[in-house]
Structures are given as structure tokens and as C-alpha cells.
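**Student:** Next come a sequence and a model predicted from it.
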Amino acid sequence: MKKKILIIFALFAVLSACVIAGCSLNKKSMTIEYTYYRNGEIISPESEDTLMIKDGGIGITMDVELELEGEKVLFEVYDYKGELAWNGEYNEGASFQIVLDDVPSGSRYKLKVKAENITRAHIIITSNQMKVQTPFD
């Protein structure tokens, strides 16, 4: 009887660990969504967010999904000193990563996005290594 209880307990512990690990692997701690339209509702074609990096290092990443109809979208990331750390220009839809190197722990970076001569643009940026600064931070 004791052996059955130990086996059941072990299975339950393994199952719980797998569920917790699976949930944390798929979770993104930061999601930023920008939508710009020229026709219909007009939304400012420029956006800026402050990104907070708790645990710095090499290879801090953001995953970007860009849907674009029109000329181009510009991305710029400025480091904690205000210097350009990464930039990219896209003139069609794309999936890509923004990779930042030598990021100090506890630092704040600026993400600037600018849409030029577009009909439509939709951008989703996710990362599990940083979060967007809110008024409560």
C-alpha cells in the first residue's frame, strides 16, 4: 500500500513540474502592440516606450511581428546612455528579432517606432527578458 502511495505521489510531482515548466516557457512577460492607419481612424505614426531590463547580459531579445502595407516602418532602440543600440528599417511585413548586447541589469532602454507613408501597419513585440515601464514603475 505504501509503495502505491509513493508511486502516485511521484507521478503527481512529475506532472506538476511539467505543467509549471510548460506554462512558464510559453509565457511572454512583455507584449507591445502598435496599430497605425492612414485611412479610417488616424493614430499617431510615432510611438515610444521605455523598456526595463531586470537581468541584463548578452543577447537580450525582443520578437517582432510586422504586418505592413505602404512605404516603411523604422525601429530604433536607445540604450541607458541615450545612444543608438539597434535600428532597422522594413518596407514589407516581416518576423524578426531585436537583439541587444551588453545590457546592464536594472537598466532602461527606449524603443521608438515610426511609420512613414503607410496605408496600414500592425506590430506586435514580445519579450520574456524585459517589461514596459508603466506609471507605477
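**Tutor:** Arrived safely, thanks for sending.
**Student:** Just the pLDDT for S29.
**Tutor:** Turning to S29, the model gives it a pLDDT of 84.
**Student:** got it, and F136?
**Tutor:** Predicted confidence (pLDDT) for F136: 71.
**Student:** M1 too?
**Tutor:** We have a pLDDT of 59 for M1.
**Student:** Could you measure from G88 over to V113?
**Tutor:** 10 Å (Cβ to Cβ, to the nearest Å). (C-beta placed from N, C-alpha, C; glycine too.)
**Student:** Report the buried residues of stretch 88-106.
**Tutor:** Buried residues in stretch 88-106, counted by 16 or more other Cβ atoms under 10 Å: 90, 98, 100, 103.
**Student:** JSON lines please, covering the residues you listed and showing distance to T126, secondary structure and pLDDT.
**Tutor:** JSON lines is the format used below for these (distance: Cβ to Cβ, whole Å; DSSP: H, G, I helix; E, B strand; the rest coil; pLDDT from 0 to 100):
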{"residue": "Y90", "distance to T126": "17", "secondary structure": "strand", "pLDDT": "97"}
{"residue": "I98", "distance to T126": "11", "secondary structure": "strand", "pLDDT": "96"}
{"residue": "L100", "distance to T126": "15", "secondary structure": "strand", "pLDDT": "95"}
{"residue": "V103", "distance to T126": "17", "secondary structure": "strand", "pLDDT": "94"}
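**Student:** Perfect, I'm done here.
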